[in-house]
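**Q** With the sequence up front, the predicted model follows.
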Amino acid sequence: MSTTNPAIIETRELVRDFKKLRAVDRMTFTIEAGEAVGYIGANGAGKSTTIKMLTGILKPTSGLVRTCGLDPMSRRIEVARRVGVVFGQRSQLWWDLPLRDSFEILAAIHRLQPERATARTAALVEQLEMGPQLGTPVRSLSLGQRMRAEIAAALLHSPELLVLDEPTIGLDVLSKQRLREFLVAERRERGTTLLLTTHDMGDIERLCDRVLVVDRGRLAFDGTLTGLAGTVGARRLLVLDLAVPTPALVDVPGTQLVDSESDGLRQRLAFDAETTTAAAVLAHVSGRAEVRDLTIEEPDIEDVVRRLYAASGRA
Ligand SMILES: Nc1ncnc2c1ncn2[C@@H]1O[C@H](COP(=O)(O)OP(=O)(O)OP(=O)(O)O)[C@@H](O)[C@H]1O
């Protein structure tokens, strides 16, 4: 008998059909405890359907799924005790009640010992800076505050696995950053396994050490973000606002000119982070024109996915 801990998630030849549509098609992967995995793919690729099967919301048509070593359909309650789930579009909080009440109700649902519930709530409220909002009805929270509250709610019972469906969708830059920092700390301090779907490359970059790409229900890539970027040549964009009209910057080492607007006042250069850095590009451009402002755009996940699909001949 093996003495090693079971994988946090295991799927084998997992299939889910909706009438004639095969939403998840013979999906096989394993996620070990402590990993942080990004689950990405185009709209309708099958991400939510997979997550619903992992969490016992949806019954597989065939194949195997184990979450924390358990069959999520027949052991739904045990799975719910060991897993926290946040669906960005759906709330697990009580809309009209002060936030504090939602935490109390959830602690009761999970049957947490009162001292443990109090300590864990206090810790999460402090880390997520939610103290001032405890008396506010959930419906009056800003989107960023609500997402932090959703994550606190999902972590109240200290689950081994946190599943996040689009955790940063619609958040401003600062709220995204705070949420990501919290999740990094949670993982570091408690070893919580993370599985998240996202359309935001920044989430993957900052949070995940492994990426699964799903394409029409099938696993199209399983590896590191660097490996994925290497496969498809994911590029960052440097958007430069220049002080005076400037000829197209077609020959900056390590870059490709994407476009040039307004007589060259705004130019966008694509660069591969493996070959050069934004600083090197900036230094080069500064020798030719005064740079007024610059922003760096991260590769768009849809673009990465499209290119991966194209590379595998499925586009
Ligand atoms: N309850 C359902 N009944 C019928 N078809 C469904 C149902 N749920 C999902 N589908 C279909 O299954 C496919 C996969 O959907 P799913 O929601 O898993 O994709 P997704 O990758 O999560 O997409 P998104 O990024 O848009 O959320 C889609 O074609 C979708 O229309």
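**A** Sure, I can see it.
**Q** which parts of stretch 86-97 are buried?
**A** Within stretch 86-97, the residues that count as buried by 16 or more other C-beta atoms under 10 Å are 86, 87, 88, 91, 93. In short, each C-beta sits where N, CA and C put it, glycine included.
**Q** and if you look at stretch 6-17?
**A** Applying 16+ other C-beta under 10 Å to stretch 6-17 flags 7, 8, 9, 10, 11, 14, 15, 16 as buried.
**Q** which sections of the stretch 151-300 of the chain are below the confidence cut-off?
**A** Applying pLDDT under 70 to the stretch 151-300 of the chain flags residues 232-234, 299-300.
**Q** what does it have sitting close to the ligand?
**A** Residues of the stretch 151-300 of the chain that fall close to the ligand, judged by C-beta under 6 Å from any ligand atom: none.
**Q** Quick one: mean pLDDT over the strand or helix carrying residue 120.
**A** Using DSSP states H and E, residue 120 maps to helix 114-127. For helix 114-127, the mean pLDDT works out to 94.
**Q** Any chance you could give me that helix in PDB, C-alpha atoms only?
**A** These are the backbone C-alpha positions of helix 114-127, laid out as PDB (Å, rounded to 0.1, in the frame of the first residue of the first chain):
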ATOM      1  CA  PRO A 114     -16.300  29.100  18.200                       C
ATOM      2  CA  GLU A 115     -12.700  30.000  19.200                       C
ATOM      3  CA  ARG A 116     -11.300  28.700  15.900                       C
ATOM      4  CA  ALA A 117     -14.000  30.600  13.900                       C
ATOM      5  CA  THR A 118     -13.300  33.800  15.800                       C
ATOM      6  CA  ALA A 119      -9.500  33.500  15.300                       C
ATOM      7  CA  ARG A 120      -9.600  32.600  11.700                       C
ATOM      8  CA  THR A 121     -12.200  35.300  10.800                       C
ATOM      9  CA  ALA A 122     -10.000  37.900  12.600                       C
ATOM     10  CA  ALA A 123      -6.900  36.700  10.800                       C
ATOM     11  CA  LEU A 124      -8.600  36.800   7.400                       C
ATOM     12  CA  VAL A 125     -10.200  40.200   8.000                       C
ATOM     13  CA  GLU A 126      -6.900  41.600   9.000                       C
ATOM     14  CA  GLN A 127      -5.000  40.100   6.100                       C
END
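**Q** Please work out the residue of the stretch 201-315 of the chain nearest to the ligand and name it.
**A** Going by C-beta to the nearest ligand atom, the ligand is nearest to residue 214 of the stretch 201-315 of the chain, at 6.6 Å.
**Q** element containing that residue, please.
**A** For residue 214, the enclosing helix or strand under DSSP H and E is strand 210-215.
**Q** and that strand, how far out from the chain's middle?
**A** Using C-alpha atoms, centre = their mean, to the nearest Å, the mean C-alpha position of strand 210-215 is found 11 Å from that of the whole chain.
**Q** Need the CA coordinates for it. CSV is fine.
**A** The C-alpha trace of strand 210-215 is given here as CSV (Å, rounded to 0.1, in the frame of the first residue of the first chain):
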residue,chain,number,x,y,z
ARG,A,210,1.8,25.5,-13.7
VAL,A,211,-0.7,26.1,-16.5
LEU,A,212,-3.3,23.7,-18.0
VAL,A,213,-4.7,24.9,-21.3
VAL,A,214,-8.0,23.4,-22.4
ASP,A,215,-9.1,23.5,-26.0
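**Q** list the helices and strands that strand packs on?
**A** Using 3 or more C-beta pairs under 8 Å, 6 or more residues apart in numbering; DSSP states H and E, the elements in contact with strand 210-215 are strand 36-40, strand 218-223, helix 225-232, helix 301-311.
**Q** For the last one, list every residue counted as buried.
**A** Put plainly, it is helix 301-311. By 16+ other C-beta under 10 Å, the buried positions in helix 301-311 come out as 301, 304, 305, 307, 308, 309.
**Q** Next, work out how far apart the fifth one and residue 197 are.
**A** The gap separating residue 308 from residue 197 is 16 Å, by C-beta to C-beta, to the nearest Å.
**Q** go on, the second one?
**A** As for residue 304, its distance to residue 197 is 14 Å (criterion: C-beta to C-beta).
**Q** which residue does the stretch 51-200 of the chain bring closest to the ligand?
**A** Proximity of the stretch 51-200 of the chain to the ligand (C-beta to the nearest ligand atom) peaks at residue 197, 6.6 Å away.
**Q** got the contact list for that residue?
**A** By C-beta atoms under 8 Å, 6 or more residues apart in numbering, residue 197 lies in contact with 38, 39, 40, 47, 48, 51, 164, 165, 166.
**Q** rerun that using 10 Å as the cut-off
**A** Residue 197 makes contact with 38-41, 45, 47-48, 50-51, 87-88, 163-167, 169, 203, 212, 214, according to C-beta atoms under 10 Å, 6 or more residues apart in numbering.
**Q** Dig out what it forms beta bridges with.
**A** With DSSP bridges as the criterion, residue 197 is bridged to residue 39, residue 165.
**Q** residue ranges of the helices in the protein, please?
**A** Ranges of helices in the chain, per DSSP state H, are 47-54, 76-82, 99-109, 114-127, 143-155, 173-190, 201-207, 225-232, 278-286, 301-311.
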